[in-house]
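> Next come a sequence and a model predicted from it.
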Amino acid sequence: MSQSFLSRLPLSRYEMDRDHLAREDPRLLDRLWRDSATRVLPIFNGSALLAADGSLALLHPEAIERGHTSVYLGRSLSTTSPEPVGTPIVTVELEDAGHFAEANWGNLRSIATQLSDRDAGLFTEALAILNWHASHLFSPRTGEPTVVEKAGWVRRDVASKLEVFPRTDPAIIVGVTDNDDRLLLGSNALWESNRYSLLAGFVEPGESLESAVQREILEESGVPVVDPVYLGSQPWPFPASLMLGFTASVAPGFTGLGTPDGTEILDLRWFSRDELAGSMNEIRLPGHSSIARAIIEHWYGQPIDEQP
């Protein structure tokens, strides 16, 4: 895992102290909401409120209602942000945009590369934890409603006392190359037909990351691979994934082109660097906020310019 590769991962940037010990205070959110030093990040329909300069809009508590779900995200460590180091930050999920309806809201996929390190990590953390809350309103054991505890980092089944903690779904994503150092890209059934990306999939229970790499590539393309090498990881809160980036090589003796599974992957193409550069007017690559784009450009050797 190299720093040069990690620098390509916009959602892996972070300048926050999650301040986990403070979560044990059952009155923490109440105290923070009364503290004028606290700043609040509003989230509505998966988007964050933006300031005029495109940064995240962090509001004074009195400027916004407490909302449906509030979570303590931690304290800012940024020395370049307007807020002082140590500023406590809470996120709140709004059920209604209210008087912010005409304000500027930003989608993480679209604006991640434009945000500072602090803001990129803050938005990613907020979206991930709020997505978890939205999918865990009821106990998996009893079906009864759960209550929020530990400043938003635990939900508890009151009847059974079961504590439910946030979970992240690990998924591998792989830059597969052949003996000629061509890169394998696939077109997913859920995308536009001209969009191509790396093959990826979720890690199954009881499976190592390396085994998941080999299984997923074989399932989706019919291509056997060897020598999985870990590159780095990036959270992907859409809704709750951790993308684990790998490279892998086509197994010795395999000379085919591969066959798309026809369910998830509808087309496969192998690209040399020249072929990929020459195809930018006919295909679309993953967005710049994704680890897929980072792995493709890592193989390519430099950022890839796309046709407008």
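Received, thanks.
> and the longest strand anywhere in the chain, which residues are buried?
Counting by DSSP state E, the longest strand found in the chain is strand 225-236. For strand 225-236, the neighbour count (16 or more other CB atoms under 10 Å) marks 225, 228, 231-236 as buried. C-beta coordinates here come from the backbone N, C-alpha and C atoms, glycine included.
> just stretch 96-116 next, same as before
Residues 100, 105-106, 108, 111-112, 115 are the ones in stretch 96-116 that count as buried (16+ other CB under 10 Å).
> Make JSON lines out of the residues you listed and add pLDDT, distance to Gly46 and secondary structure.
Shown next, in JSON lines, are the buried residues of stretch 96-116 (pLDDT from 0 to 100; distance: CB to CB, whole Å; DSSP: H, G, I helix; E, B strand; the rest coil):
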{"residue": "Phe100", "pLDDT": "91", "distance to Gly46": "15", "secondary structure": "helix"}
{"residue": "Trp105", "pLDDT": "97", "distance to Gly46": "9", "secondary structure": "strand"}
{"residue": "Gly106", "pLDDT": "97", "distance to Gly46": "10", "secondary structure": "strand"}
{"residue": "Leu108", "pLDDT": "97", "distance to Gly46": "8", "secondary structure": "helix"}
{"residue": "Ile111", "pLDDT": "97", "distance to Gly46": "12", "secondary structure": "helix"}
{"residue": "Ala112", "pLDDT": "97", "distance to Gly46": "13", "secondary structure": "helix"}
{"residue": "Leu115", "pLDDT": "97", "distance to Gly46": "15", "secondary structure": "coil"}
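> between these, which is closest to Val174?
Ala112 (21.8 Å; CB to CB).
> I'd guessed the closest one sits against Ile291; true?
No - counting by CB atoms under 8 Å, Ile291 is not a contact partner of Ala112; they are 11.4 Å apart.
> returning to what we had before: which of the buried residues of strand 225-236 lies closest to Ser47?
Lowest distance from Ser47 to the buried residues of strand 225-236 (CB to CB) belongs to Trp236, with 16.4 Å.
> where does the residue lying closest to that closest one once chain neighbours are set aside land in three-state SS?
In space, and not counting its chain neighbours, Trp236 is closest to Met243: 4.8 Å by CB to CB, 6 or more residues apart in numbering. In three-state terms, and counting by DSSP: H, G, I helix; E, B strand; the rest coil, Met243 is strand.
> Tell me the spacing between Met243 and Leu9.
Going from Met243 to Leu9 by CB to CB, to the nearest Å gives 9 Å.
> for the stretch 1-150 of the chain, which spans come out with low pLDDT?
1-3 (pLDDT under 70).
> Can you show me the strands along it?
Counting by DSSP state E, counting those that start in this stretch, the segments of the stretch 1-150 of the chain that form strands are 16-17, 39-44, 47-49, 69-76, 88-93, 105-107, 146-149.
> Of all pairs in the buried residues of strand 225-236, which one is the farthest apart?
Farthest pair in the buried residues of strand 225-236, by CB to CB: Val225 and Pro235, 25.0 Å.
> What are the phi and psi values at Gln302?
Per-residue torsions, Gln302: phi -170, psi 170 (degrees, to the nearest 10).
> Quick check: it vs Pro166, distance?
37 Å.
> More neighbours: which of these two?
Pro166 (16 against 8; other CB atoms under 10 Å).
> Verify the contact between the more buried one and Trp132 for me.
Yes - between Pro166 and Trp132 there is a contact under CB under 8 Å: 4.6 Å.
> related to what we said a few turns ago, which strands border the longest strand of the chain, and is each parallel or antiparallel?
As defined by DSSP bridges, the strand partners of strand 225-236 come to strand 241-250 (antiparallel).
> Quick one: residues in contact with the partner strand.
Outside of strand 241-250, the residues within contact range by CB atoms under 8 Å, 6 or more residues apart in numbering are 5, 168-179, 200, 202-203, 209, 213-214, 217, 223-236, 290-291, 294-295, 299.
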